[in-house]
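sequence-free structure coming up:
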């Protein structure tokens, strides 16, 4: 059986935590930041956990 290939885009954007959850960065923090409030920009810095519905698909992209 051939080796499984990791999806490089997913590898750069997602991380699997020690407990097995998938962590992602939040969208909307790259540009057009002047109209966003300070509170909103601060919350965009923090990561968040991927929804359970998408976890199975993501694990297929990140075989390990």
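Happy to help now that I have it. Here the structure is a predicted model, which means the values were calculated and not measured. Residues are numbered from 1 along each chain as shown.

count of neighbours near residue 49?
Residue 49: 12 surrounding residues under other C-beta atoms under 10 Å. For every residue, glycine as well, the C-beta is placed using N, CA and C.

And the strands in this protein?
Remark: strands assigned in the chain by DSSP state E are 14-16, 22-24, 48-49.

Packing partners of the second one?
Helices and strands touching strand 22-24, by 3 or more C-beta pairs under 8 Å, 6 or more residues apart in numbering; DSSP states H and E, are strand 14-16, strand 48-49, helix 52-61.

Return the distance of residue 47 relative to residue 31.
Residue 47 is 19 Å from residue 31, where distance means C-beta to C-beta, to the nearest Å.

These two: who's more crowded?
residue 47 (12 against 6).

these two touch, right, the more buried one and residue 29?
No - contact criterion C-beta atoms under 8 Å: residue 47 and residue 29 do not qualify, at 11.2 Å.

Spit out the residues that contact the two alike.
None of the residues lies in contact with both residue 47 and residue 29 under the rule C-beta atoms under 8 Å, 6 or more residues apart in numbering.

Find the residue ranges of the protein scoring beneath the pLDDT cut-off.
Along the chain, no part satisfies pLDDT under 70.

what about residue 17, distance to residue 34?
Distance check for residue 17 against residue 34: by C-beta to C-beta, it reads 33 Å.
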